[in-house]
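*Asks:* I would like the atomic coordinates for the input below:
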Amino acid sequence: MAQDFSADQKRYLEGYVAGAAAARAVGGLGAGPAAAASAQPAGPDAEHVAAQDAQSAAGRKLVDQEKWKREQHPFEAYRRLAAEAATGKLPPPPDNFRWRYFGLFNVAPAQDSFMLRMRLPNGILKAHQLAGLADLATRFGGGALDVTTRANLQMREIRPENAAALLEELMDLGIVARGSGADNIRNVTGSPLAGIDPAELIDTRPLCRQWHFHILADRTLYGLPRKFNVSFDGGGVSPALEETNDVGFQAVVVRDGAPVPPGTYLRLVLGGISGHQDLARPTGAFCRPDQASAVADAIVRVFIAHGDRCNRNRARLKYLLDDWGFATFLAKVEERFGAPLARIDEAFVAPRPASRRDAHIGVHPQRQPGLNWIGIAVPVGRLTVAQAAGLAAIARECGDGDIRLTVWQNLILSGIPDARVAAAEAAVAALGLETAASPIRAGLVACTGNAGCKFAAANTKADALAIARHVEAHLTLDVPVNVHLTGCHHSCAQHYIGDVGLIGARVPVNDDGDTVEGYDIAVGGGFAENARIGRVIWKGVAANEAPRHVAALLAAYRTHRRGPEEGFQAFTLRHDIAALDALAAPLLAESARSTMPEAAE
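*Replies:* Below you'll find the predicted structure:
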């Protein structure tokens with residue numbers, strides 16, 4: 001006897017039919033070897049399908065994510081996303097991957113909800129956009145916005161039934177989330193003080209904007225072997241951290257005598273992925289600023305064709321560079337670009353302006369006479385909707401209407417006349433935020449942690465605030481220090497480039513297998529002119545012991561440094577790990593006798 005299918009059965013059949021059709025359209029995974037061999041990939045995904053087929057033909061097995069892309073391309077699944085989310089359903093793994101193409105992340109089991117990630121080129125948004133986001137976070141999210149380490153914003157606690165409405169109203173604000181997650185080119189970062197920094201060599205805003213729209217307008221640039229980061233640094237006082245990106249463009253001045261006319265060029269650096277303990281390295285190649293998007297496009301397309309689609313652990317650009325070497329990779333890039341890139345000896349490159357660790361906090365004069373920027377400390381990047389709406393009003397009434405997000409999880413208001421600075425600072429203080437911060441809080445960075453991420457092994461934001469409180473209570477710092485806490489191996493808070501970096505770990509507490517939240521702790525990382533991967537000094541430190549350990553390291557630095565002109569990183573580089581441990585040990589022992597571990601906020 002015939003009977004109606006259930007709703008779940010109908011959805012399964014719809015997905016199956018859609019997947020089968022998509023597979024046939026690309027010479028599908030289920031079409032059989034003869035058909036696949038005879039069919040030539042066509043359409044916007046042809047480059048990706050050809051790369052998949054080449055690795056399959058070599059006897060390798062595609063990872064699940066590559067199969068999911070072929071079964072149904074995420075951009076062809078939006079109607080299904082909207083229909084299923086409207087029922088309150090959170091997606092299974094294949095669709096959790098697909099929905100990330102729209103910026104939506106299922107963060108269960110940490111929370112039974114979505115997180116939304118956006119695209120904000122160069123980290124800059126307008127006052128009306130921030131005010132609009134505060135309204136959306138009130139109606140559709142958890143009442144807060146998080147500033148990220150890609151100068152971006154996240155919204156959390158989004159119920160599935162609100163997902164489609166949120167995405168559509170986001171676009172009403174002129175903000176898109178397309179490709180902000182999964183195997184795509186992520187939010188493009190640039191110098192946070194672009195266009196207002198007296199020391200900068202080039203304004204990165206036009207470069208970021210051009211690359212942003214280049215990506216949005218071309219579907220062939222979606223569905224890479226793994227995520228991909230591109231950054232432009234204009235050579236000013238506040239760095240973009242381009243050395244942590246797959247592709248970095250560094251503004252430099254080329255002097256007379258080089259094989260190109262003197263002027264401002266972009267040095268190409270490749271292969272940064274700090275969580276894998278590698279920073280982008282100079283390639284010896286340079287390009288003009290007007291060539292940057294075309295060069296980046298050529299790099300991405302070489303990665304599309306040759307990146308690893310069978311091993312997610314080796315699917316980043318770094319590993320293709322490790323396998324090929326720079327010379328082979330650049331030859332492929334130049335072939336795609338259609339011309340050789342300039343090779344310039346570093347002897348003809350002028351030193352870049354030194355960065356300043358305090359540039360993203362406090363009041364500073366802009367290159368435009370009579371105007372200022374104000375850097376505002378945002379505790380571990382978390383803004384309430386009231387604070388976000390208030391900052392939008394300050395930007396509109398006191399400044400030029402721009403809000404600049406930074407990789408330090410804080411933000412900058414720009415274009416503030418001298419006569420309005422005091423009023424702007426008072427308005428910021430009334431929101432419960434600060435335009436001045438202690439040396440420990442100014443450089444405090446923390447990822448979402450296990451309060452909102454299923455991968456994290458510790459509550460990083462709460463633990464970061466506990467570290468700040470403990471350090472402020474027990475010693476006085478007279479130089480800025482960066483402390484980065486990240487919850488897992490994805491290294492969203494880039495712990496390896498912090499003066500002190502902590503990565504979440506489960507810490508055994510007995511022989512029965514019981515564990516508590518904790519961290520492995522590294523020291524001596526750095527960025528910009530001091531770019532360096534930190535070294536692990538301690539493993540398996542319980543979270544409630546982390547504040548004492550960080551304070552002991554900083555106290556050892558204060559006691560044994562060669563004067564205040566020696567920064568923390570330079571101090572750590574003078575000592576091997578055993579020596580640093582020995583210097584901190586008596587301070588740790590003393591603090592254990594005199595204090596109890598502090599609870600996190």
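
*Asks:* Ends of stretch 470-482, what's the gap?
*Replies:* Start and end residues of stretch 470-482 are separated by 15 Å (Cα to Cα, to the nearest Å).

*Asks:* Give me the distance from that stretch to the chain's centre.
*Replies:* Using Cα atoms, centre = their mean, to the nearest Å, we find the averaged C-alpha position of stretch 470-482 to lie 26 Å away from the chain's own average C-alpha position.

*Asks:* Okay, buried residues for it please.
*Replies:* 470, 471, 474, 475, 477, 479, 480, 481, 482 (16 or more other Cβ atoms under 10 Å). To be clear about C-beta, it is placed using only N, CA and C from the backbone, and glycine gets the same treatment.

*Asks:* and which of those is nearest to residue 546?
*Replies:* Distance from residue 546 was checked for each of these by Cβ to Cβ. The minimum falls on residue 470, at 8.9 Å.

*Asks:* List the contacts of the most centrally placed residue in the chain.
*Replies:* Centroid check for the chain by Cα atoms, centre = their mean gives residue 150 as the closest residue, at 3.6 Å. With Cβ atoms under 8 Å, 6 or more residues apart in numbering as the criterion, the residues that contact residue 150 are 123, 186, 187, 189, 229, 407.

*Asks:* Does it lie in a helix or a strand, and which?
*Replies:* In this structure, residue 150 sits in neither a helix nor a strand according to DSSP states H and E.

*Asks:* Low-confidence ranges, this structure, go.
*Replies:* Within the chain, the set of residues satisfying pLDDT under 70 comprises 1-39, 594-601.

*Asks:* need the strands for the stretch 301-450 of the chain, in chain order.
*Replies:* With DSSP state E, counting those that start in this stretch as the criterion, the stretch 301-450 of the chain has strands at 342-343, 362-365, 371-376, 382-384, 402-405, 411-417, 444-446.

*Asks:* right, and these - which one's nearest residue 303?
*Replies:* strand 342-343 (21.6 Å).

*Asks:* if we can go back for a sec, with secondary structure and distance to residue 76 added, can I get the buried residues of stretch 470-482 in JSON lines?
*Replies:* As requested, the buried residues of stretch 470-482 are exported to JSON lines (DSSP: H, G, I helix; E, B strand; the rest coil; distance: Cβ to Cβ, whole Å):
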{"residue": "470", "secondary structure": "helix", "distance to residue 76": "51"}
{"residue": "471", "secondary structure": "helix", "distance to residue 76": "51"}
{"residue": "474", "secondary structure": "helix", "distance to residue 76": "57"}
{"residue": "475", "secondary structure": "coil", "distance to residue 76": "57"}
{"residue": "477", "secondary structure": "coil", "distance to residue 76": "54"}
{"residue": "479", "secondary structure": "coil", "distance to residue 76": "53"}
{"residue": "480", "secondary structure": "coil", "distance to residue 76": "48"}
{"residue": "481", "secondary structure": "coil", "distance to residue 76": "49"}
{"residue": "482", "secondary structure": "coil", "distance to residue 76": "43"}
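
*Asks:* which one of these sits closest to residue 393?
*Replies:* Proximity of those to residue 393 (Cβ to Cβ) peaks at residue 480, which lies at 29.5 Å.

*Asks:* Not counting residues beside it along the chain, what's closest to that closest one?
*Replies:* residue 357 (4.1 Å; Cβ to Cβ, 6 or more residues apart in numbering).

*Asks:* count of neighbours near the residue lying closest to residue 455 once chain neighbours are set aside?
*Replies:* With Cβ to Cβ, 6+ apart as the measure, residue 488 is the residue that lies nearest to residue 455, at 4.2 Å, once sequence neighbours are left out. Here the count is done by other Cβ atoms under 10 Å, and residue 488 has 20 residues near it.

*Asks:* Mind checking what secondary structure residue 165 has?
*Replies:* Classification of residue 165 by DSSP: H, G, I helix; E, B strand; the rest coil places it in helix.

*Asks:* Might you report the residue contacts of it?
*Replies:* Under the criterion of Cβ under 8 Å, 6+ apart, the contact list for residue 165 reads residue 140.

*Asks:* measure it to residue 541 for me?
*Replies:* Residue 165 sits at a distance of 44 Å from residue 541 (criterion: Cβ to Cβ, to the nearest Å).
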